[in-house]
Structure formats: structure tokens, C-alpha cells
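A.B. asks: After the sequence you'll find the predicted model.
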Protein chains: 2
Amino acid sequence: MSVLTDPKKIALHGGKYFLPQLSVDCVILGFHDGELKVLLLKMHHSAHWALPGGFIYKEETVDDAAHRVLEERTGLKNLFLQQFHVFGNPARSSSKATVEYFKKEGIHLDKNSWLAQRFVTVGYYALVDFAKAQPHPDLFSDACEWVSLREAEDLFMDHSDILQKALETVRLQLNYQPIGFNLLPRKFTMPELQRLYETILGKPLDRRNFQRRMLAYGILKKLAEQKKGVAHKAPFLYSFDTQRYRKALAAGLDGGW
Amino acid sequence: MSVLTDPKKIALHGGKYFLPQLSVDCVILGFHDGELKVLLLKMHHSAHWALPGGFIYKEETVDDAAHRVLEERTGLKNLFLQQFHVFGNPARSSSKATVEYFKKEGIHLDKNSWLAQRFVTVGYYALVDFAKAQPHPDLFSDACEWVSLREAEDLFMDHSDILQKALETVRLQLNYQPIGFNLLPRKFTMPELQRLYETILGKPLDRRNFQRRMLAYGILKKLAEQKKGVAHKAPFLYSFDTQRYRKALAAGLDGGW
DNA sequence: GCAAAAGTGTTAAGTCTACACCCATGC
DNA sequence: GCATGGGTGTAGACTTAACACTTTTGC
């Protein structure tokens, strides 16, 4: 598949390559400095941050399009990436705003242009290892950066709603599926994992009960190593067993009854 | 909004009215005779059953389109209807098959027709009161009927996948949200509710524990009445408190941590 | 009166919560 | 040696699961 790399070509001729009026937007979450961060783009000529998004090639799977966006923005592939909601209100995009935006880019868009139409977007969320991601802006943005959730307000278009819905979904998911591990490096300590959970859930958890619960999932491997160069008692390192993890993800489906 | 009622007009000129390459499909579930049933359409000129679906008007919300489909097929509105997945594989629809289908309808579709394109579909599921629904076929089907899940095999296109995914979602949802009530009439007995849960989950439940659990949700009202004209001991009737029910749906979001 | 279905309560097992003590490290 | 953070264990509260007896009704 030939990837379009010229903004002008995309704006004027994207209609030839992409599915019309459908896009994907990705809420890419990372964890750093005890905070949840979301990867956002600083759009050209705009004070707003936006979620990384993209269009779907005519012969491409919608999921593949989301994976492509994720890879283009972070360099990461084959990650935990999940669709969570479709945003299908015609008022979410504005033809006028789009035309104006491209005018500032020096591109004249006709109001009948493929880009000036209403877009329905499929929201995806990804949980990624902050340290491994290498943020790259796209063709319509000046910067691609991790923004802490507290500061991620007043986003472009309805992206704040999309972000909120993603967070809601992640918190819910956390209740019955051990998805949190995706946010940590390969080796991590139990306290690190706990910080992460506390951050996502927004409340403190009991150290000992937390540990028991995590180990009960049966997907952690305690390594012989301990964290080095750290003040106080050195915590053990854990990694997680991808094999078992996949099973747990699938089995997560039946809890409760 | 003017609704299109002529199949030929839809086929040939639908492109003027609908969002391109995007559709909704509804998995409408009902409960009758101790069985889960799904509302399906018997397509013209086809041995396959299909899920009720439809297109989205250019100025219509995707959710509204799904509600419209639900209402058109069942006469019911304002029901529990939820999007659960986007099916976005380009191979899910076949241009050739579409052209052939319409040929049998006596309509010549160009392979460039809006209908002969790849479609991405948003899957919705609804849980409805079997007795209240009045099935109406659409313009492209001979019949609209409740089909028991056991018999709902080998559906049109990828509709079997969509149905499977819906069932998976419902079973999962049942774990943390009391959604089952939507399938029963306004007044129902505890044993009826239990049959329903057993059917959805595919396994027997303990009568006494089940009752406790349901009452613990705090959304049932025990009525003074008892079921009449029934063999053996008459069970009490219950109805559910829509007010509290909505709260419980919202609160369901935080279970676990 | 008997079979079938429904109402209700109790006990034991298991899980979760809260909490305390000991250990290792850096200063 | 003391402050800080991490490792581990346990008793009590609570929840869930298993189970039995009684009541009502139609035949």
C-alpha cells in the first residue's frame, strides 16, 4: 500500500485513496512520573491539542488503519489497541472549520471536498510503554507530545469527549481484565505496578492486598533480580508471561456468574 | 427527515441521501418459550437470514440510525440499544454479490454504484420484550421473524460473526450490569427472570442465591399480585423500577476496585 | 394426598479488608 | 540508628455457594 506523504495531495486527492467520511482516532496512553499521559498533536495554526487520527485506505481494515496511526505516531507496532466507541454525531465535525483550517495551510478546499464532509470516527485506545514510544507529529501538526491528563483539556473538536470515553472504558476494563501491564516496561516492580493502578483508578490501594490480587491473576513472573541503585529496600522485579496473559485476557470474559 | 420507501430509489439514488460505505446492523434479542431469539430477515432470493440493518442519513446520528432500524423492524422505540463493535474488514462485503443480488431484484446496479462498495458496519444490540415487538420485513426481505439462536446459523455475509460478538458482549455485560430485565414484560416472576439468565449464560443457577442477588441490585419492586392461573404454587410478580435501574446502570461502572 | 414449583433461612467456605511486624538500604 | 519503603502473614468482616424444609396448587 502506498502511503500518502504530501499534505496537499491528501487534502485535494485523499478522496481517491481513503474511505469517505470515516476516520479513526487513537487515545494513546502512557505512564510516566506517576502520571497518566496521553499522546497528543499540536495542530498547525491552532491552540488546541488533538488526538492522533487518520483515514482508512479503501482496501484497508479499520483496525489496520488504527494500528498504522499508532505506529506512525510512536514507532510501536502490534500493541494492545482496542476500539471502544463510534462517534457518529453529524455535528462533531464542521465543514466550515475544516475549510478554514486548510486555508491557513495554504490549501484551498472546496466545501464539497471529501475532507469538508461530516466524519464518523471510530475511537481506539492503546496502552503503551512510555519509554519505548517515539512521538512523531503527522503532516498537519507541529508537535507530538505526551500531555498529562490534568492538562489535556479543551481538545480539538470533540476529542475531549473521545478521551473521556476512553478513560471510562479503561477503568471499567481494569475491573475484569489485567490490561494495565501494557503501560509498563518489560521488567517492573510491584510498587510501580501499584502506582499505575492507583493513577488510573484515581485512588490509593492497599499495598499487600494489591500484591496478592496481582499475583492471583497468575500472569506475573517474579524474577530473581531486584531493582538496583534504589533507596531503601530493593523491590523485586517482575515480568509478565505473555502466554498466560493472553489466556487471562480471554478468560476475563467469564468472571462473575 | 424524508424516509426512502422505494427499493429502486434506494438502490439507484441512495447515495444522495445516505452516508457512503457505512451501515448499522442490529442484533435484536428477545426471550420466548425459554429460548433466546434473534430477529432476522429472510432476504429476497436468498437462502440466508440476515440481521436487520440500514444506512445512515447524511444528517443523522449513527445512533439514531440504529434506533430507526429498530423501530422500523419492531415498532419499538427508546429501547436499550447499544453499539458494541465496528466490523471494518474490506472483505466482509462483496461488490459482485451485491450487484448480483440487485439483478435478481430487477435492478441493474453499476459496479461503481454506492451500494456496490465496501461497507463498514457498526453493530448494535437491543434487548426487547418479545411480546411487544411486531416484526416487519424491510424492503429487501420477504419476512421478519424471531429465530431461535440454535437455528440462527450460516447468516448472510458476516452476520454470524456479528451475532456471535453481540452475544459475547451481552454475556459479559450481564456480569456487571443488570441489563436482562429489558427482555421481559413489565411484570414478571422471579423464576421467569432466572430462566432468562440461565438461557443467556447457558448454565443453571441456584434459585435462592439468584433471587438474593437480583433483589440486592435494589431495582426490583415486589408487587402484591401473584401470577394467576398457574399450576403449583403461584409466584409473586415483580416489576422493575426504571428510576433506580438507570442509576444502577451508571453505578455498574465502578464495581471491583 | 402427591407431585411439582415457589418461598424462605442457615451454615460453611471462600474472599476481601484492614492492619502489624520485620527487613533492607541510604543518609 | 533512624527514616523510608518493601516483603510477608493473619484475624475479622463480608460475600458467595451449597443446601433443606415448608407452602401452595392442580390433578
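C.D. replies: Here it is on my side, so go on.

A.B. asks: Which residue does the stretch 1-150 of chain A have closest to DNA strand D?
C.D. replies: Nearest residue of the stretch 1-150 of chain A to DNA strand D (C-beta to the nearest atom of the strand) works out as A:Gly34 at 11.8 Å. Bear in mind the C-beta positions are built from the backbone N, C-alpha and C, glycine included.

A.B. asks: Which strand or helix spans the residue lying closest to that residue once chain neighbours are set aside?
C.D. replies: Of all residues not flanking A:Gly34 in the chain, A:Arg195 sits nearest, at 5.6 Å (C-beta to C-beta, 6 or more residues apart in numbering or on different chains). Assigned by DSSP states H and E, A:Arg195 falls within helix A:190-201.

A.B. asks: Residues touching that helix, excluding its own?
C.D. replies: A:31, A:34-36, A:170-171, A:174, A:180-181, A:183-184, A:204-205, A:207, A:210-211, A:214, A:235-236, A:238, B:257 (C-beta atoms under 8 Å, 6 or more residues apart in numbering or on different chains).

A.B. asks: again, only this time at 6 Å
C.D. replies: A:31, A:34, A:36, A:180, A:183, A:204-205, A:210-211, A:235, B:257 (C-beta atoms under 6 Å, 6 or more residues apart in numbering or on different chains).

A.B. asks: How far away from the center of its chain is that helix?
C.D. replies: 18 Å (C-alpha atoms, centre = their mean, to the nearest Å).

A.B. asks: again with stretch A:170-177
C.D. replies: The answer for stretch A:170-177 is 16 Å, by C-alpha atoms, centre = their mean.

A.B. asks: Is it in proximity to DNA strand C?
C.D. replies: No - if you take C-beta under 7 Å from any atom of the strand as the test, stretch A:170-177 misses DNA strand C, and the best it gets is 11.0 Å.

A.B. asks: How about that stretch and chain B, touching?
C.D. replies: Yes - using C-beta under 6 Å from any C-beta of the partner chain, stretch A:170-177 reaches chain B at A:172, A:175.

A.B. asks: who touches A:Gly14 in this structure?
C.D. replies: A:Trp114.

A.B. asks: give me that answer again for 7 Å
C.D. replies: A:4, A:55, A:114-115 (C-beta atoms under 7 Å, 6 or more residues apart in numbering or on different chains).

A.B. asks: What about these, which one has the most neighbours?
C.D. replies: Greatest neighbour count in the contacts of A:Gly14, by other C-beta atoms under 10 Å in any protein chain shown, goes to A:Phe55: 25 neighbours.

A.B. asks: correct me, but it touches A:Ser23?
C.D. replies: Yes - counting by C-beta atoms under 7 Å, A:Phe55 touches A:Ser23, with 5.5 Å between them.

A.B. asks: which other residues reach the strand or helix carrying A:Ala248?
C.D. replies: According to DSSP H and E, A:Ala248 maps onto helix A:242-251. Among residues not part of helix A:242-251, those counted as contacts by C-beta under 7 Å, 6+ apart are A:177-178, A:217-219.

A.B. asks: buried set for it?
C.D. replies: A:245, A:248 (16 or more other C-beta atoms under 10 Å in any protein chain shown).

A.B. asks: So which bits of stretch A:71-85 are buried?
C.D. replies: Residues of stretch A:71-85 classed as buried by neighbour count (16+ other C-beta under 10 Å): A:72-74, A:76, A:79, A:81-85.

A.B. asks: Take those and lay them out in TSV including secondary structure, distance to chain B and pLDDT.
C.D. replies: Output for these, formatted as TSV (DSSP: H, G, I helix; E, B strand; the rest coil; distance: C-beta to the nearest C-beta, whole Å; pLDDT from 0 to 100):
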residue	secondary structure	distance to chain B	pLDDT
A:Glu72	helix	18	97
A:Arg73	helix	20	98
A:Thr74	helix	21	97
A:Leu76	coil	21	96
A:Leu79	coil	18	89
A:Leu81	strand	13	96
A:Gln82	strand	10	96
A:Gln83	strand	6	98
A:Phe84	strand	10	98
A:His85	strand	7	98
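
A.B. asks: Closest one to B:Phe156 out of these, please.
C.D. replies: A:Gln83 (23.0 Å; C-beta to C-beta).

A.B. asks: State the distance from the closest one to A:Leu127.
C.D. replies: The spacing between A:Gln83 and A:Leu127, counted by C-beta to C-beta, to the nearest Å, is 14 Å.

A.B. asks: what sits in contact with each of those two?
C.D. replies: With C-beta under 7 Å, 6+ apart applied, the contact sets of A:Gln83 and A:Leu127 do not overlap.

A.B. asks: Is the residue nearest to A:Asp142 when sequence neighbours are not counted bridged to anything, and to what?
C.D. replies: Nearest residue to A:Asp142 in three dimensions, chain neighbours excluded: A:Lys42, at 5.0 Å (C-beta to C-beta, 6+ apart). Counting by DSSP bridges, A:Lys42 forms beta bridges with A:Trp49, A:Ala143.

A.B. asks: neighbours around A:Lys42, how many?
C.D. replies: 17.

A.B. asks: Could you double-check that it sits in contact with A:Ala143?
C.D. replies: Yes - the pair A:Lys42 / A:Ala143 is scored as a contact, 4.2 Å apart, by C-beta under 7 Å.

A.B. asks: A:Ser23: neighbouring residues, count only.
C.D. replies: 20.

A.B. asks: show me what contacts it?
C.D. replies: A:53-55, A:119, A:121.

A.B. asks: where along the stretch 101-250 of chain A do the helices fall?
C.D. replies: A:159-176, A:190-201, A:207-216, A:242-251 (DSSP state H, counting those that start in this stretch).

A.B. asks: Quick check: which of those helices is nearest to A:Gly229?
C.D. replies: A:Gly229 lies closest to helix A:190-201 among the helices of the stretch 101-250 of chain A, at 14.7 Å (C-beta to C-beta).

A.B. asks: one step back: which of the contacts of helix A:242-251 fall in strands?
C.D. replies: Secondary-structure check on the contacts of helix A:242-251 using DSSP state E: no residue lies within strands.
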